[in-house]
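[1] sharing a sequence plus its predicted fold:
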Amino acid sequence: MTLIVPVLIVFLFTYASFRHIDPFEVFVEGASDAIPMLKKLLPNMAAILAGITLFSGSGALASLTHLFATPAKAIGIPSETVHLLLMRPLSGSGSLAILSDILNRYGTDSYIGLCASVSVGSTETILYTIPLYCGTFGIKRTRYAFAAAIISGIVGVISGIFFIRLFLF
Amino acid sequence: MMSRVYSFLIIAGILCCFINGKDPMLLLAEGADSSVRLMLSLAGSYLLWTGLFNIAKRSGLVEKLALLMRRPLALLMPSIGEASGPVSLNLAANFLGLGNAATPFGLEAMRILSKESDGTATREICMFLALNASAIELLPTGVIAVRTAAGSADPYSIVLPTFLSSVVASISAILVCKAFEGAYQ
């Protein structure tokens, strides 16, 4: 598993030398193209992370957790994981911290612990990546991108719970 | 949508800070500060992967991969064109759990896809973002690390259900995008 990428890189350099490409020069040329991109990325990141850190640190999630606890339970999501599920689209490190808290509180291999683990693994930080990707390239109207990402995230969480019941409980 | 989501995060965040007696300026500053730290930690791998990507591009490998993947990807994104190379590399990097490599490929894909756009997300962009959001991953390394640290008897037990549920999520992302495509035309 850990060998896949190094082997691919060996293949890349061997292939490049057959095609008479100077890997050093071409690497530097490619990395130089990354600099204007990094320059565009930073202001977008600053705006997005300022908003996300403010929102997740403000206690807004705690209020939303109360709001979503009952409907979540109705569709089979343990209410103990709702706080985690609300943090997940916002922040990767934030949701791993909450996951760690849940695992210590309810046990790593308990039903709640397993549901929390699978939910984090099968979802993404969409409220960070979509604005970052779109903001960097001037996409202002995202149409149904958020809706599709949120719906597939919910499907991922529910099917994760289904597979836990199927395989582990 | 973007500006509404963003305004909601800021306005609701500041109001909740007032209710809960927290300092919003401190949180805003902390977030902006973390963007600089994240950028610094990302910049190195970003330079590395764009450098390697350029070698693959100049030697014709990206074009080969793009030709190979164009047909299957065109089922999802009909006018994907030359973006099929970076899109496949982004999905492959996500699959292998190489988050740091996935971002430069994802940005390259978005750069090409956004050429066709006038500031509105095209059907290809929406599909790409939705697929990225469900992120099929072979080994969720972050979750396994947290489970190990919390003393799990079997930290890897979640690998199969996680993988299967992310496959289901990806399939639903495709179906939802297709449904919305119909509705938006």
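    Received it, and whenever you're ready, just let me know what you need. Please read these numbers as outputs of a predicted model, since none were measured by experiment. Residues are numbered from 1 along each chain as shown, chains lettered A, B, ... in the order given.
[2] the helix ranked longest in chain B: which residues count as buried?
    Assignment by DSSP state H gives helix B:24-58 as the longest helix of chain B. Under the neighbour-count criterion of 16 or more other CB atoms under 10 Å in any protein chain shown, helix B:24-58 has B:24, B:27-28, B:31-32, B:34-35, B:38-39, B:42, B:46-58 buried. For glycine as for every other residue, the C-beta is placed from the backbone atoms N, C-alpha and C.
[3] return the list of helices and strands in contact with it.
    Using 3 or more CB pairs under 8 Å, 6 or more residues apart in numbering or on different chains; DSSP states H and E as the contact test, the elements touching helix B:24-58 are helix A:4-18, helix A:23-57, helix B:2-20, helix B:61-76, helix B:84-95, helix B:99-113.
[4] for it, what is the distance to the chain centroid?
    Taking CA atoms, centre = their mean, to the nearest Å, one finds the center of helix B:24-58 at 14 Å from the center of the full chain.
[5] next, the angle from that helix to helix B:61-76.
    The directions of helix B:24-58 and helix B:61-76 differ by 110 degrees, with axes from the mean of the first three to the mean of the last three CA atoms, to 10 degrees as the criterion.
[6] just the mean pLDDT for helix B:24-58, thanks.
    The predicted model assigns helix B:24-58 a mean pLDDT of 93.
[7] could you figure out how far it is turned away from helix B:99-113?
    For helix B:24-58 and helix B:99-113, the angle between their directions (the same axes, to 10 degrees) works out to 80 degrees.
[8] pLDDT weak spots in the chain?
    Picked chain A for this. In the predicted model of chain A, residues A:1 satisfy pLDDT under 70.
[9] hmm, I had chain B in mind actually
    Where chain B drops into low confidence, which here means pLDDT under 70, it does so at B:185.
[10] who's sitting farthest from the centroid in it?
    Relative to the centre of chain B, the most outlying C-alpha is that of residue B:21, 34.5 Å out, by CA atoms, centre = their mean.
[11] and it, how far from chain A?
    Relative to chain A, residue B:21 is positioned 9 Å away (criterion: CB to the nearest CB, to the nearest Å).
[12] would you mind measuring from that residue to residue A:18?
    From residue B:21 over to residue A:18 the distance is 66 Å, taken as CB to CB, to the nearest Å.
[13] nearest to residue A:165 among the helices and strands packed on helix B:24-58 would be which one?
    Across those, residue A:165 has its closest neighbour in helix B:84-95 (25.6 Å, CB to CB).
[14] near chain A, anything from the closest one?
    No. Using CB under 8 Å from any CB of the partner chain, we find that helix B:84-95 stays clear of chain A, coming within 8.9 Å at best.
[15] and that helix with helix B:99-113, angle?
    Using the same axes, to 10 degrees: helix B:84-95 against helix B:99-113 is 160 degrees.
[16] give me the angle between helix B:84-95 and helix A:4-18.
    150 degrees.
[17] relative to residue A:160, how far out is the residue of chain B found nearest chain A?
    With CB to the nearest CB as the measure, residue B:54 is the residue of chain B nearest to chain A, at 2.4 Å. Computed as CB to CB, the residue B:54 to residue A:160 distance reads 38 Å.
[18] do the same with residue A:12
    Residue A:12 sits at a distance of 36 Å from residue A:160 (criterion: CB to CB).
[19] how about residue A:141, phi and psi?
    When quoted as degrees, to the nearest 10, the phi and psi of residue A:141 stand at phi -100, psi 110.
[20] dig out what it forms beta bridges with.
    Going by DSSP bridges, residue A:141 is paired in beta bridges with residue B:120.
[21] OK, contacts around it?
    Applying CB atoms under 8 Å, 6 or more residues apart in numbering or on different chains, we find residue A:141 in contact with B:1-2, B:119-121.
[22] from the residues you listed, list just the buried residues.
    Among the contacts of residue A:141, the ones that count as buried by 16+ other CB under 10 Å are B:1-2, B:121.
[23] columns distance to chain A on top of the residues you listed, output as a markdown table?
    Listed next are the buried ones among the contacts of residue A:141 as a markdown table, based on distance: CB to the nearest CB, whole Å:
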| residue | distance to chain A |
| --- | --- |
| B:1 | 5 |
| B:2 | 5 |
| B:121 | 5 |
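[24] nearest to residue B:160 among the residues you listed?
    Relative to residue B:160, and with distances defined as CB to CB, the nearest of the buried ones among the contacts of residue A:141 is residue B:121, at 33.6 Å.
[25] tell me how far residue B:181 lies from residue B:127.
    Taking CB to CB as the measure, residue B:181 falls 8 Å from residue B:127.
[26] tell me which residue lies farthest from the centre of chain A.
    Greatest distance from the centre of chain A, by CA atoms, centre = their mean, belongs to residue A:20 (39.4 Å).
[27] give the helix, strand or coil label for that one.
    In three-state terms, and counting by DSSP: H, G, I helix; E, B strand; the rest coil, residue A:20 is coil.
[28] re the thing from before, and the furthest pair within the contacts of residue A:141?
    Taking CB to CB, the two most distant members of these are B:1 and B:119; they sit 12.3 Å apart.
[29] rewinding a little: tell me how far the residue farthest from the centre of chain A lies from chain B.
    Distance from residue A:20 to chain B, counting by CB to the nearest CB: 9 Å.
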